[in-house]
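*Asks:* what follows is a predicted protein model with its sequence.
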Amino acid sequence: TLLTDLIAWSAQVACIVAIGGMVPTLLRLDVPGVRYTYFRALLALCLFLPWMQGRQTALTRATMDAFAPVLIGVSSPSGTISLAPTFPWLTALGLCMALGILGRGAWIAVGLRRLARLRTAGYVLPWNEEHDEPQRALGTRAEIRYVAGLRQPVTFGVRRPIVLLPDSLRAHPLHVQRAILCHELIHVQRRDWMWLVGEEAVRAV
């Protein structure tokens, strides 16, 4: 059954993540690029785990025995008494999972709508070499806007990427402005926004 397979898979994923999450600390993997690749590989392992093993495993059968409502035969002097659970635990669990997915999906949708409104926030500076040169070097074509009251840089979008920078950033030295802009443009170059949306969808499910 789908739900019992899902419960078993979730238990396996929890074990993999718990153990895998400690590996970078134990091995002292401090290089950001290495950690980034490692955790993506760990995510891929969790997602493809059902295809790497048989669907009916011992863990699945053990989980079914633990969670599935079954008739329990109890021997007594007068014969066998059948006791059936009165609460549909699997149905309730499935409902809770569905509500969780819908709730998380709604939260993501609200965030995407807020970002859509930010596309027209702030203002775009006239053409200048400080913006154009990093984009040429990185091969990006992102719109760069300055937004008053923005606390930190925001970068999003795949087909029409946009970089939002705090208006207060213009008061900083030029090398600071350039470093922050290059950092955001690297997100555009790596298409991190596409990965982020995919990871959020996986997290919801």
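*Replies:* Sure, I can see it.
*Asks:* what about residue 172, distance to residue 129?
*Replies:* Using C-beta to C-beta, to the nearest Å, one gets 18 Å for the distance from residue 172 to residue 129. C-betas here are computed from N, CA, C, even on glycine.
*Asks:* go on, residue 35?
*Replies:* Residue 35 is 34 Å from residue 129, by C-beta to C-beta.
*Asks:* could you do residue 155 as well?
*Replies:* 21 Å.
*Asks:* who has more neighbours out of those two?
*Replies:* Counted by other C-beta atoms under 10 Å, residue 155 and residue 129 do not tie: residue 155 has more neighbours, with 20 against 8.
*Asks:* go ahead and confirm that one touches residue 165.
*Replies:* No - counting by C-beta atoms under 8 Å, residue 155 does not reach residue 165; the two are 9.5 Å apart.
*Asks:* what is in contact with these two at once?
*Replies:* Residues within reach of residue 155 and of residue 165 at once, by C-beta atoms under 8 Å, 6 or more residues apart in numbering, are residue 184.
*Asks:* in the protein, which spans are helices?
*Replies:* Ranges of helices in the chain, per DSSP state H, are 2-27, 32-48, 58-67, 89-118, 129-138, 174-189, 192-204.
*Asks:* now tell me which helix or strand of the protein has the poorest mean pLDDT.
*Replies:* None of the helices or strands of the chain scores lower by mean pLDDT, DSSP states H and E than strand 72-76, at a mean of 46.
*Asks:* so which bits of stretch 122-134 are buried?
*Replies:* Across stretch 122-134, burial judged by 16 or more other C-beta atoms under 10 Å covers 122, 131, 134.
*Asks:* that older thread, least reliable of the helices of the chain going by mean pLDDT?
*Replies:* Lowest mean pLDDT within those: helix 58-67, at a mean of 53.
*Asks:* isn't residue 146 right up against residue 168?
*Replies:* No - in this structure, residue 146 is not within contact of residue 168 by C-beta under 8 Å, at 9.1 Å.
*Asks:* neighbour-wise, which of those two wins?
*Replies:* Under the criterion of other C-beta under 10 Å, the comparison of residue 146 against residue 168 puts residue 146 first, with 18 against 13.
*Asks:* residues touching the more buried one, list them.
*Replies:* Residues near residue 146 by C-beta under 8 Å, 6+ apart: 122-125, 164-167, 169-170.
*Asks:* please name the nearest non-neighbouring residue to residue 166.
*Replies:* residue 150 (4.3 Å; C-beta to C-beta, 6 or more residues apart in numbering).
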